[in-house]
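S.K.: predicted model follows, preceded by the sequence.
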There are 2 protein chains.
Amino acid sequence: MQMSGELTIEEKAGNAPLRLYCGWFCPFAQRAWIALEEKGAAYEYVAIEPYEEDPEKPGGYSKNPLPLEEKRRRYPDFVAASPRGLLPAIEYHTSTGQIHRVFESMVCVEYLDELLPGPSLMPPIAAPEQRALVRAWCAWANEKIIPHFYRLLMRQSAEEREAEKRQLLDGLRCFAEAMSPVSSTGGAYFLGDDFSMADIAVCPWWTRFHSIGATYRGLEIPHGGAFDRLHLWGAACEGRPSVARTIVDQKRLVGNYSNYADGSATSTVAQTLAGKA
Amino acid sequence: MQMSGELTIEEKAGNAPLRLYCGWFCPFAQRAWIALEEKGAAYEYVAIEPYEEDPEKPGGYSKNPLPLEEKRRRYPDFVAASPRGLLPAIEYHTSTGQIHRVFESMVCVEYLDELLPGPSLMPPIAAPEQRALVRAWCAWANEKIIPHFYRLLMRQSAEEREAEKRQLLDGLRCFAEAMSPVSSTGGAYFLGDDFSMADIAVCPWWTRFHSIGATYRGLEIPHGGAFDRLHLWGAACEGRPSVARTIVDQKRLVGNYSNYADGSATSTVAQTLAGKA
């Protein structure tokens, strides 16, 4: 429980047939990272630095991505797995000498869940309606929660920020309303006792709301009503060892996000949200 | 094969324990519709008209969505299944009296695939890397193909349209490059012989490129290189009975899209792409 992301990165530096291409700063990559930790898998953490270097910045680089060609030159194996050069990606060398390559964060999570033994991150195949519930709320996270967080950071007018904050909180409230009740034994995950992909889809940002969001935009998650369920959920996720082991130093993280907050980021997330990619 | 969408809608008007909330004009809903046809399932097609009425328009309405409260008033069962009031949604009454409700287009497709007998729309669970491949390219369709098509329709300057067209074609080219080769027996689906979710994710738009895209924006899908594989793919999809039975009159469809082309659409797709939702 006292392990933090930086220590886990050191611990997982050795060779393994299962490689995670990751970045300490990247919440999308953290999703796949949590899945690997959840499974107790042997894996190699391969650090990718996809941004232009900037020695002034915490971590040593900016939020301006290297051109894809430059990423391919520096990290050919990573770009072979992730055609847009985006984190995360997985490379798995099977015992029969095949190489599997997987990209796209939630796709990596589901791949790892299907590949590896250990606790399942999805309801069983005999409960398709429960599987659909989890998948629908993962999609909700990607469409109705996460984009508003980045836009809240990126928008430069107070009015636009207010609108994004409202939509972010609305997306979170609906997510909380869709959760199962807290179980009789106190299980407060999205499904109650069972930690699942629906939790993984959102919890890397929960941490960031309280560090990056609070620092740059005074973001506070309200209490009362459905938000009480959300706070119980957030505490349960952050307390889970698989998640705790992937949480990095938040001061370092806050510094790393200054480009979003001052409007100078040109990352793919930033460009997509500006309608340019 | 000569069945078209309008005839299928008439055929599926009767009561069934499995209901599809659909709209004849909606390519997202068409994904779930194709899955039902693919499975040969007994289902009830329930037509939803989520837009403001406009007797001048083909189909009788505009691309301006009714407020969620008005949708809930008109279609309470539909909004119970789809909390944003977006198409498609599925409602399934089990033999034990439970009701399952599912929303979000690709989630509906995967739910139907897991629920119903018939040809599988996903590689087997023993091939997680193939399942990940299909899922990653479904996500690609949603992020790198479909938004550019709507923006191509919505953008009002020639320069912006050119940029969207370039990105649309780039997204399609990568999708084509990720396909398996055409099989020795001529199977030209994304995976070769096996029709899958990757095909369903894109094929409702393939038809629309040639009708709506060509009419309003002179869109042409090039030939040569990877695009030759794409044309073989598109013909295979449109020729598959499950798909053919969901294709509606394209003249009527072109008329229905005029709001996008003249910049007056306020649908959720339009608002999301304008960064407003």
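M.R.: Everything's here; your move. In this text the structure is predicted, and so the values were computed from the model without any measurement.
S.K.: every contact and neighbour count from this point should use C-alpha atoms.
M.R.: Noted.
S.K.: could I get the CA-only coordinates of the helix or strand containing residue A:30 as PDB?
M.R.: Applying DSSP states H and E as the criterion places residue A:30 in helix A:27-38. Presented in PDB, the C-alpha positions along helix A:27-38 are these (Å, rounded to 0.1, in the frame of the first residue of the first chain):
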ATOM      1  CA  PRO A  27      -3.700   8.300 -17.200                       C
ATOM      2  CA  PHE A  28      -4.600   6.300 -20.300                       C
ATOM      3  CA  ALA A  29      -1.500   4.200 -19.900                       C
ATOM      4  CA  GLN A  30      -2.200   3.900 -16.200                       C
ATOM      5  CA  ARG A  31      -5.400   1.900 -17.100                       C
ATOM      6  CA  ALA A  32      -3.300  -0.900 -18.700                       C
ATOM      7  CA  TRP A  33      -0.800  -0.600 -15.800                       C
ATOM      8  CA  ILE A  34      -3.500  -1.100 -13.200                       C
ATOM      9  CA  ALA A  35      -4.700  -4.200 -15.100                       C
ATOM     10  CA  LEU A  36      -1.200  -5.700 -15.000                       C
ATOM     11  CA  GLU A  37      -0.900  -5.000 -11.300                       C
ATOM     12  CA  GLU A  38      -4.400  -6.400 -10.600                       C
END
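S.K.: so which residues make contact with that helix?
M.R.: The contact list for helix A:27-38 (Cα atoms under 8 Å, 6 or more residues apart in numbering or on different chains) reads A:20-24, A:43, A:87-89, A:105-106, A:108-109, A:112-113, A:118-119, A:200-201, A:204-205, A:242-243, A:245-246.
S.K.: what about that helix, average pLDDT?
M.R.: Average pLDDT, helix A:27-38: 98.
S.K.: then stretch A:252-268?
M.R.: Mean predicted lDDT for stretch A:252-268 stands at 80.
S.K.: now do the end-to-end distance for it.
M.R.: 21 Å (Cα to Cα, to the nearest Å).
S.K.: that one close to chain B?
M.R.: No. Stretch A:252-268 stays clear of chain B (Cα under 8 Å from any Cα of the partner chain), getting no nearer than 11.7 Å.
S.K.: and what of stretch A:190-208?
M.R.: No. Among the residues of stretch A:190-208, none lie within reach of chain B under Cα under 8 Å from any Cα; the closest is 13.3 Å away.
S.K.: kindly report the same for stretch A:62-70.
M.R.: No. Between stretch A:62-70 and chain B, judged by Cα under 8 Å from any Cα, nothing touches; the nearest distance is 14.3 Å.
S.K.: what sits up against that stretch?
M.R.: A:50-54, A:84-85, A:256-257, A:259-260, A:265-268.
S.K.: now find how far off-centre that stretch is within its chain.
M.R.: 20 Å (Cα atoms, centre = their mean, to the nearest Å).
S.K.: contact residues of chain A facing chain B?
M.R.: Counting by Cα under 8 Å from any Cα, chain A sits next to chain B at A:100-104, A:107-108, A:110-111, A:114-115, A:125, A:128-129, A:131-133, A:135-136, A:139, A:167, A:273-275, A:277.
S.K.: switch to 7 Å and redo it
M.R.: A:100, A:102-104, A:107, A:111, A:114-115, A:128-129, A:132-133, A:135-136, A:273, A:275 (Cα under 7 Å from any Cα of the partner chain).
S.K.: packing partners of the helix or strand following the helix holding residue A:30?
M.R.: As assigned by DSSP H and E, the chain's next helix or strand after helix A:27-38 is strand A:44-47. Contacts defined by 3 or more Cα pairs under 7 Å, 6 or more residues apart in numbering or on different chains; DSSP states H and E place strand A:44-47 against strand A:18-22.
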